[in-house]
Every structure is written in C-alpha cells, then in structure tokens.
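In: kindly generate the corresponding structure for this input.
(one chain, ligands or ions: 1)
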Amino acid sequence: MRTEVDVAVVGAGLAGLRCAAVLHGAGHEVVVLEADDAVGGRIRTDRVDGFLVDRGFQLLNPAYPAVRRWVDADALRLQPFGAGVTAVTDDGPRTLGHPLRAPGLLPRTATTALPRLREVLGLARWAAPLLRPRPDRTLTDVLAARGTRHDVDRRTALDRAGVDGLLRRVVDGFLAGVLLEDDGSTADAYALLLAWTFARGVPALPERGMQALPEQLAAPLGDRVRLGHGVTAVTGTAVETDQGSVSARRVVVATGAPAAHELTGAPVPATKGVVTTWWSAPESPDTDLLHVDARVRPTGPLVNAAVVSRAAPSYAPPGRHLVQGSALLDTAAGRTPSEADQRRHAGELLGLDPSGWDVVARHEVPHALPAQPAPYSDARPVRVGDLVVCGDHRDTGSIQGALVSGQRAAQAVLEGLSAGRR
Ligand SMILES: Cc1cc2nc3c(=O)[nH]c(=O)nc-3n(C[C@H](O)[C@H](O)[C@H](O)COP(=O)(O)OP(=O)(O)OC[C@H]3O[C@@H](n4cnc5c(N)ncnc54)[C@H](O)[C@@H]3O)c2cc1C
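Out: Model prediction:
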C-alpha cells in the first residue's frame with residue numbers, strides 16, 4: 001500500500017474520528033489508520049450470549065457540550081440511569097438523588113440529607129462555584145477567575161470546605177468511580193467540572209451499546225477509516241504502517257497516551273486503570289442507580305456496582321439481568337482485585353446473593369484514563385514539533401475531552417494547511 005492524502009490520522013477513537021470528520025467536512029482528503037479491528041478505541045461493545053457488554057463500564061452524559069454540539073444523541077436512543085446514588089452505610093442503604101431530575105427520590109434524599117445539615121452545608125461550600133456561572137461564561141471561566149482552586153487537589157478542597165461524615169464518603173466513593181482514583185489526587189477544578197455536568201444531565205447508555213457513539217462519528221468517513229493498520233512510525237509528512245506507508249501534508253497522532261508517547265516521544269500523563277466484571281443474574285432489585293460503599297471501612301474493592309439492565313434493558317436478554325462491578329486496577333502496585341472479591345462486594349452493595357451469578361465478561365483496562373492532578377489544565381497544546389497530537393490526554397480524560405481535543409487538532413491542521421497555501 002502506498003497512499004497520498006492531505007491528512008493522515010492515527011487512531012480511530014473519539015478524538016481521531018472527530019478530527020477526521022472536521023477535515024473531511026472541510027473538503028480535505030483524509031485517511032484514518034486504526035490498529036484494531038473496529039473503531040472506538042476505549043469505547044467498544046461486545047455481544048456475549050445475548051448481553052451487550054462495554055469494554056469497561058462507562059456512561060455517556062448527553063449534557064457534555066461536545067456531545068450536544070457534534071453527536072446526534074437522539075439517534076443513539078439513550079437509556080438513562082437514575083439521577084442519584086445509593087450508598088451502603090453502616091446504618092443500611094441510603095439514597096441521594098438530584099432534586100430536580102429525580103423527584104421520585106426526594107423522600108429518600110431528604111431522609112438522608114436532613115439529619116446531616118452541617119455536612120450538606122460543607123458540600124454546598126465546595127460546590128459554590130457551580131452555583132455562579134453566568135449564562136455567558138463557561139464554568140472553566142468561572143474556575144479560572146477563582147485562580148487558586150486550580151492548584152489544589154480535590155481532597156484538599158473538600159477538607160477546606162468542611163465536607164465530612166457520610167456525605168464525604170458518598171462523594172469520595174462516587175468520584176473514585178468517575179476519576180479512577182481513591183486518594184483525592186485529581187485537580188479539584190476538574191472534579192467540579194464533572195459535578196457540573198452531572199448536575200446538568202443524566203448519564204445514559206445507547207440502545208446498541210457505547211460503541212454506537214464512535215460508529216456514528218465514523219459513518220460519514222466511510223472507507224477512509226482503515227482498520228487493522230497498526231502504525232509503527234510517524235513524521236510530520238509520513239506514516240509507516242504494518243501494511244505500507246502513507247504520505248500526507250499533515251499527520252495527526254490521535255492515540256491514547258502510552259502510544260502517543262511511543263510514536264512522538266512527547267511527555268504524557270500517567271494513567272489510571274479499572275477492572276469491570278459483568279455478571280448474568282437471575283434476579284435483581286428494582287434499582288437504576290449506581291451503588292457505592294460509604295461505610296467507614298468498605299469491605300471490598302468496588303468503586304461502584306449497578307444493575308445495568310435495569311437502566312438499559314437492551315443490555316440483557318429477556319429474563320436475565322446484567323450486573324457490573326468496577327474496581328480500581330493498578331497492576332504495577334499489585335492491585336488486581338479478583339472476580340470472587342468483586343462478586344461478593346457487588347452482592348453486598350446491591351443487597352443480593354451473588355452465588356447464582358455467571359460471569360459474562362471481565363475487562364482489565366490498565367490505561368483507562370489519564371491522571372489529572374492539580375494544577376488543572378484542560379487544553380495542552382496539540383502541536384508537538386511538526387506533528388499534531390490529540391486524544392483525551394491533551395484535554396480532559398473523558399468523552400468530552402477526547403472530542404474537544406479532536407476538534408482542536410482539526411483546527412490546527414486547517415490553519416497549517418491554509419498557511420501553507422499562502
Ligand atoms: C473503562 C472506561 C470507563 C470510562 N468511563 C467514562 C465515562 O463514564 N465518561 C466519560 O466521559 N469518559 C469515560 N472514559 C474515558 C473515555 O472513554 C476516553 O476518554 C475516550 O474514549 C478516549 O478517546 P481517545 O480518542 O482520546 O483515545 P482512544 O479511545 O484510546 O483511541 C485511540 C485509538 O488509537 C488506536 N491506536 C493506538 N496505537 C495505534 C497505532 N500504533 N496505530 C494505529 N492505531 C493506534 C487505538 O487502537 C484506539 O482505537 C472511560 C474510559 C474507560 C476505558
């Protein structure tokens with residue numbers, strides 16, 4: 001294979017697909033070179049025995065600005081989770097729900113929150129910047145104006161705001177599952193940004209699984225996406241793959257952080273890992289919420305568990321339920337929770353006997369998210385030497401961040417191409 005194009009994009013994850021779609025839409029000849037056998041990168045879905053299982057539990061928040069702008073969410077036929085969380089506590093299960101988006105949870109939310117007004121006030125102090133954004137300013141602007149909170153991690157910020165007790169354990173447990181760290185080391189500004197998106201939208205799963213999202217982005221590109229093309233080397237104008245070489249006026253590296261480092265030598269953030277086990281269960285409680293362990297001494301490794309098929313019925317065949325339990329994974333530190341530990345803990349969090357569950361799949365994802373320590377930075381440069389680099393590690397470690405970094409990379413390429421023409 002020898003190809004000549006305007007732009008070669010390495011990687012068909014969300015960032016690469018968004019970047020390629022913009023360039024294709026602007027009339028440039030683009031090729032996307034993907035090592036794997038399908039598009040999606042970290043967002044893949046398998047069908048196993050009639051179940052849909054994503055490669056690691058994740059959710060799509062339709063309130064992400066990038067999703068609103070560039071994704072046809074209606075076409076994905078989203079199945080929302082409940083807007084709240086159920087916590088196992090030392091005094092039994094407690095539920096906290098979004099007051100506007102989950103009015104049905106109000107009585108249970110009030111029972112949890114009213115006896116803890118001091119803790120609620122602490123939480124309000126922590127979340128105060130979220131209450132202030134003016135319609136004409138983004139939350140990032142508001143956080144920038146506050147300055148210092150870019151420099152602290154979320155543990156320090158929650159301590160300073162006086163968030164403690166049960167609500168602190170619920171917040172920590174919930175954020176551990178989203179940020180994939182349980183030491184509070186993520187930049188507080190990013191934790192607040194996430195809280196802001198959770199306040200504005202209810203996370204959901206597409207009817208055909210999470211992979212429907214990258215597939216939608218890839219559709220307009222047609223056969224410009226070449227699967228099974230592992231890239232071995234790049235320069236500013238050429239890409240070597242295991243199938244031959246591609247010449248291009250510009251090259252975009254849109255891989256995850258470790259591959260970006262290998263191909264470009266650019267420094268990349270450390271990564272966080274997660275292991276999700278999926279089980280088929282004959283019965284389940286009627287809950288579409290995430291369940292977390294908010295006991296003073298949690299008894300297992302899970303950051304969350306859920307009966308996925310209660311929220312997303314398309315994920316299980318009739319008469320069965322799909323349960324997931326996710327735990328932090330750090331193979332270098334010897335932290336690889338066993339299936340048995342995950343199963344026992346999931347049973348506790350959901351109030352079920354897990355002995356009759358069958359494993360459907362287990363996904364260990366060592367590089368699930370880039371670490372996002374303080375000071376917060378959501379827009380690392382996309383130009384690295386004469387290459388353009390995108391991916392969630394250049395922005396925030398999220399669907400939103402990957403899409404935005406792809407967009408920024410495309411803009412940088414367009415500027416470069418038009419400057420080259422002058
Ligand atoms: C388990 C898990 C749970 C998550 N949960 C959430 C969530 O709930 N909400 C949220 O917003 N985000 C979540 N995320 C994060 C989100 O999925 C990622 O931020 C996003 O998908 C990253 O997209 P990307 O395009 O930057 O990178 P990737 O998806 O990693 O895409 C990079 C692509 O490059 C390809 N590639 C790599 N090397 C080469 C090479 N040499 N040649 C050719 N191709 C190559 C890869 O195969 C891949 O397809 C989660 C991620 C994981 C793994």
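In: would you mind listing what in the stretch 201-350 of the chain touches the ligand?
Out: Contacts of the stretch 201-350 of the chain with the ligand, taken as C-beta under 6 Å from any ligand atom, map to G230, V231, A254, T255, G256, A259, V274. Using the backbone N, CA and C atoms, a C-beta is placed for each residue, glycine as well.
In: residues contacting stretch 346-358, please?
Out: Contacts with stretch 346-358, where a contact means C-beta atoms under 8 Å, 6 or more residues apart in numbering, come from 88, 93, 277, 279-285, 287, 291-293, 299-300, 302, 304-305, 307, 323-325, 343-344.
In: and that stretch, how far out from the chain middle?
Out: Here stretch 346-358 shows a centroid-to-chain-centroid distance of 26 Å under the convention C-alpha atoms, centre = their mean, to the nearest Å.
In: then it to PDB, C-alphas only?
Out: What follows is stretch 346-358 as a C-alpha-only set of coordinates in PDB (Å, rounded to 0.1, in the frame of the first residue of the first chain):
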ATOM      1  CA  ALA A 346     -21.300  -6.300  44.400                       C
ATOM      2  CA  GLY A 347     -23.700  -8.600  46.200                       C
ATOM      3  CA  GLU A 348     -23.300  -6.500  49.300                       C
ATOM      4  CA  LEU A 349     -23.700  -3.200  47.500                       C
ATOM      5  CA  LEU A 350     -26.900  -4.400  45.700                       C
ATOM      6  CA  GLY A 351     -28.300  -6.400  48.600                       C
ATOM      7  CA  LEU A 352     -28.300  -9.600  46.600                       C
ATOM      8  CA  ASP A 353     -27.000 -13.200  47.000                       C
ATOM      9  CA  PRO A 354     -24.400 -13.400  44.100                       C
ATOM     10  CA  SER A 355     -23.800 -17.100  44.300                       C
ATOM     11  CA  GLY A 356     -26.000 -17.800  41.300                       C
ATOM     12  CA  TRP A 357     -24.400 -15.200  39.100                       C
ATOM     13  CA  ASP A 358     -22.500 -16.300  35.900                       C
END
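In: what helix or strand is V275 located in?
Out: Taking DSSP states H and E as the definition, V275 sits inside strand 271-281.
In: just checking, what packs against the helix or strand following that strand?
Out: Note on strand 271-281: by DSSP H and E, the next helix or strand toward the C-terminus is strand 290-293. With contacts defined as 3 or more C-beta pairs under 8 Å, 6 or more residues apart in numbering; DSSP states H and E, the secondary structure elements packing on strand 290-293 are strand 84-89, helix 165-179, strand 302-307, helix 339-350.
In: what about strand 290-293, distance to the chain center?
Out: Offset of strand 290-293 from its chain centre (C-alpha atoms, centre = their mean): 18 Å.
In: list of residues touching that strand?
Out: The contact list for strand 290-293, computed with C-beta under 8 Å, 6+ apart, reads 81, 85-88, 170, 173-174, 177, 299-300, 302-306, 345, 348-350.
In: buried ones in the top helix by length along the chain?
Out: The single longest helix within the chain, with elements called by DSSP state H, is helix 399-421. Of the residues in helix 399-421, those with enough neighbours to count as buried (16 or more other C-beta atoms under 10 Å) are 399-414, 416-417.
In: and what of stretch 85-100?
Out: Neighbour-count burial for stretch 85-100, counted by 16+ other C-beta under 10 Å, picks out V85, T86, A87, V88, T89, P93, R94, T95, L96, G97, H98.
In: over to stretch 182-198?
Out: Applying a neighbour-count criterion of 16+ other C-beta under 10 Å, the buried positions in stretch 182-198 are 184-198.
In: what helices and strands are in contact with the helix or strand that contains V388?
Out: Taking DSSP H and E as the definition, one finds V388 inside strand 387-389. For strand 387-389, the contact count by 3+ C-beta pairs under 8 Å, 6+ apart identifies strand 244-253, helix 257-264, helix 399-421 as packing neighbours.
In: before we move on, back to that, other SSEs contacting the longest helix of the chain?
Out: Applying 3+ C-beta pairs under 8 Å, 6+ apart, one finds that helix 399-421 contacts helix 14-25, helix 65-70, strand 244-253, strand 387-389.
In: and the next element down the chain from the helix or strand of the chain with the lowest mean pLDDT?
Out: Of the helices and strands making up the chain, the lowest-confidence element is helix 139-146, at a mean of 62, by mean pLDDT, DSSP states H and E. Toward the C-terminus, helix 139-146 is succeeded by helix 154-161 as the next helix or strand (DSSP H and E).
In: the longest helix of the chain near the ligand anywhere?
Out: Yes - residues of helix 399-421 are located near the ligand by C-beta under 6 Å from any ligand atom, namely I399, Q400, G401, A402.
In: next: stretch 79-93.
Out: No - using C-beta under 6 Å from any ligand atom as the criterion, no contacts between stretch 79-93 and the ligand are found, and the smallest distance is 10.5 Å.
In: ok, residues contacting that stretch?
Out: Residues outside stretch 79-93 that contact it (C-beta under 8 Å, 6+ apart) are 59, 94-98, 101-102, 105, 109, 166, 169-170, 173-174, 202-207, 287-296, 306, 311-314, 348-349, 351.
In: please pick the buried ones from those.
Out: For the contacts of stretch 79-93, a neighbour count by 16+ other C-beta under 10 Å gives the buried set as 59, 94-98, 101-102, 105, 109, 166, 169-170, 173-174, 202-207, 287-295, 306, 311-312, 314, 348-349.
In: picking that back up, can I get the helices and strands packed on strand 290-293 in TSV including distance to V10?
Out: Output for the helices and strands packed on strand 290-293, formatted as TSV (distance: least, C-beta to C-beta, whole Å):
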stretch	distance to V10
strand 84-89	38
helix 165-179	27
strand 302-307	32
helix 339-350	34
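In: can those go into JSON lines with extra columns for mean pLDDT and distance to R116?
Out: What follows is the helices and strands packed on strand 290-293, written out as JSON lines (pLDDT from 0 to 100; distance: least, C-beta to C-beta, whole Å):
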{"stretch": "strand 84-89", "mean pLDDT": "95", "distance to R116": "11"}
{"stretch": "helix 165-179", "mean pLDDT": "96", "distance to R116": "6"}
{"stretch": "strand 302-307", "mean pLDDT": "98", "distance to R116": "21"}
{"stretch": "helix 339-350", "mean pLDDT": "98", "distance to R116": "21"}
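In: among those, which comes closest to D392?
Out: Shortest distance between D392 and the helices and strands packed on strand 290-293, using C-beta to C-beta, is found for helix 165-179: 12.8 Å.
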